[in-house]
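# heads up, no residue letters with this:
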């Protein structure tokens, strides 16, 4: 690749894989069947929660959780566990919580599994848009659920 008389060699020689993006309406409180299938197959997806977007997978799938950590760079103590109810969150302890966002609740209900999730980049605040997460993780996820802007806007500096 040439640019201003300079030659650049790509660091990675692979074909980019376009990430499927499904627009979801939070008012409907539904999870697309494809998202449920991705979770059950051990895949990673970007999903909205009330405070922003996360990369998540089925918490019971050790290989998927390892891939989640690899893709986001999250340490074990940076993995958030989303569960179906406040009682489940209290029983799980640590970084477990029951989401208030209708799409995340629908994912938990329809997939029938708890979600392991991390911010991208790890340790940061959840991004307010799905596109910001995709910018960080690229095509390393299998599906993106885009519900528009979510979470609070960052404070002005």
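The structure has been received and is ready for your questions. Please read all numbers here as calculations on a predicted model, not as lab measurements.
# on contacts alone, who are the packing partners of whatever helix or strand residue 55 lives in?
According to DSSP states H and E, residue 55 maps onto strand 52-58. Applying 3 or more C-beta pairs under 8 Å, 6 or more residues apart in numbering; DSSP states H and E, one finds that strand 52-58 contacts helix 33-40, strand 45-49, helix 62-72, strand 115-118, helix 130-137. For glycine as for every other residue, the C-beta is placed from the backbone atoms N, C-alpha and C.
# residues touching residue 73, list them.
121-122 (C-beta atoms under 8 Å, 6 or more residues apart in numbering).
# Okay, it and residue 125: tell me how far apart.
Using C-beta to C-beta, to the nearest Å, residue 73 is found at 15 Å from residue 125.
# Residue 56 contacts residue 115, correct?
Yes: under the criterion of C-beta atoms under 8 Å, residue 56 makes contact with residue 115 at 4.4 Å.
# any common contacting residues for these two?
With C-beta under 8 Å, 6+ apart as the test, residue 56 and residue 115 both reach 39, 47, 82, 107.
# beta partners for the second one?
Right, residue 47. residue 54 (DSSP bridges).
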